[in-house]
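Peer 1: Quick one: sequence plus predicted model below, questions after.
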Amino acid sequence: MQSNSIRKFRESIRRLQRGLNWQWKVDAACCGITVAQCHALLEIGSQKEITLVDLSLLLSLDTSTLSRTIDGMSRADLVERKPNPDDRRYMIITLTEKGCKIYNEINQTFDHYYSDILGAIPAARQEQVLESIEILSKALAEKENSSCCKMGEE
């Protein structure tokens, strides 16, 4: 692949990432939660109930890091932890009523925001954009545990 194409691809991804990160920060702040709590809340809400281990896999986070996030969410009455009836070593995490309310608010806000973005794309190209994002997401997932930083490697 040509160096110019790679650089153009990198710059486009960087701009996309900055735009999306900004939106996550704005929307999470509007709901009085952190970006990490927002990500966790959306995954828990979409799964209805989930273990900490499964949530950490979905979010690609260490369980100890995620555990601190869940502790804060529990103190804020956003989530509830219950023992798993099948294996009491694992806790099942669910949203509380307050957590469900924020989950719904975030989804409505994101739906409106992304509807506007999709609407700005010509209708004849929308399916192509969705397909391209799916391909990109899969390619990124395949490289999830690798680093682009080769400094210090021999």
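Peer 2: Arrived safely. Computed from a prediction, not measured in an experiment: that's the story for all the values here.
Peer 1: drop to CA atoms for contacts and neighbour counts, all remaining ones
Peer 2: Will do.
Peer 1: need the contact list for the residue nearest the centre of the chain.
Peer 2: The structure's the chain has its C-alpha centroid closest to His39; by Cα atoms, centre = their mean the separation is 4.5 Å. His39 makes contact with Leu59 under the criterion Cα atoms under 8 Å, 6 or more residues apart in numbering.
Peer 1: Name the residues of the helix or strand hosting it that are buried.
Peer 2: Assigned by DSSP states H and E, His39 falls within helix 35-47. Within helix 35-47, the residues that count as buried by 16 or more other Cα atoms under 10 Å are Val35, Gln37, Cys38, Ala40, Leu41, Leu42, Glu43, Ile44, Gly45.
Peer 1: would you turn the residues you listed into JSON lines with pLDDT?
Peer 2: Listed next are the buried residues of helix 35-47 as JSON lines, based on pLDDT from 0 to 100:
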{"residue": "Val35", "pLDDT": "83"}
{"residue": "Gln37", "pLDDT": "90"}
{"residue": "Cys38", "pLDDT": "89"}
{"residue": "Ala40", "pLDDT": "94"}
{"residue": "Leu41", "pLDDT": "95"}
{"residue": "Leu42", "pLDDT": "93"}
{"residue": "Glu43", "pLDDT": "95"}
{"residue": "Ile44", "pLDDT": "96"}
{"residue": "Gly45", "pLDDT": "96"}
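Peer 1: For this protein, name the helix or strand with the lowest mean pLDDT.
Peer 2: helix 3-30 (a mean of 79; mean pLDDT, DSSP states H and E).
Peer 1: can you give me the strands in the chain?
Peer 2: With DSSP state E as the criterion, the chain has strands at 49-51, 79-83, 91-95.
Peer 1: and the angle for the last one with strand 79-83?
Peer 2: This points to strand 91-95. Angle, strand 91-95 to strand 79-83, by axes from the mean of the first three to the mean of the last three Cα atoms, to 10 degrees: 150 degrees.
Peer 1: So for strand 91-95, mean pLDDT?
Peer 2: This predicted structure assigns strand 91-95 an average pLDDT of 93.
Peer 1: Provide the strand pairings for it, with the direction of each partner.
Peer 2: Here strand 91-95 has these sheet partners by DSSP bridges: strand 49-51 (antiparallel), strand 79-83 (antiparallel).
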